[in-house]
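Novice: give me a model of this one.
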Amino acid sequence: MSAPRPQVSLSHSERYLLQLMQEIHYGRIEGLIVRGGEPVIEPSTKVLKDIKLDLHARRTPIIIDRDYQDKAQVMEMLRQFHRLGDGVVQTLEVHNGLPFRMQIVETVRV
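Specialist: The predicted model follows:
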């Protein structure tokens, strides 16, 4: 399995996932398919957003730039996708627009 590419050359699907995580801000993505180490958003993929009902709470927009892409959480998520190869991320938790934790489903090969 190949290592993740340098961040300047993120694939379209990786960029889309990072943008989606920014839109979610806090919440989770369920049923994220990974094929060939790449995230695949399908109609069956669910997005759950946590919405704080505090009128004074402000979202700090995070620009998806080199600094964001180089964050340890983003790099580790992409490494895990490449390690997984083909499979399903059952749940990908997002905190402040960044990947926080994920549960993966792996097929046991006999």
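Novice: does residue 83 belong to a helix, a strand or coil?
Specialist: Judged by DSSP: H, G, I helix; E, B strand; the rest coil, the three-state class of residue 83 is helix.
Novice: how near is it to residue 24?
Specialist: To residue 24, residue 83 is 23 Å away according to CB to CB, to the nearest Å. In this view, the C-beta of every residue, glycine as well, is placed from N, C-alpha and C.
Novice: more neighbours, these two?
Specialist: Shown here are residue 83 and residue 24; by other CB atoms under 10 Å, residue 24 has more neighbours (19 against 14).
Novice: next one: the more buried one from residue 110, what distance?
Specialist: 37 Å.
Novice: likewise for residue 91?
Specialist: In terms of CB to CB, residue 91 sits 26 Å off from residue 110.
Novice: can you pull out the helices in the protein?
Specialist: Using DSSP state H, the helices of the chain run over 12-24, 66-69, 72-84.
Novice: just checking, what packs against the first one?
Specialist: In terms of contacts (3 or more CB pairs under 8 Å, 6 or more residues apart in numbering; DSSP states H and E), helix 12-24 is packed against strand 27-35, strand 38-40, strand 46-49.
Novice: list the buried residues in it.
Specialist: 14, 17-18, 20-22, 24 (16 or more other CB atoms under 10 Å).
Novice: how about the last one?
Specialist: Along helix 72-84, these residues count as buried under the neighbour rule (16+ other CB under 10 Å): 73-74, 77-78, 80-82, 84.
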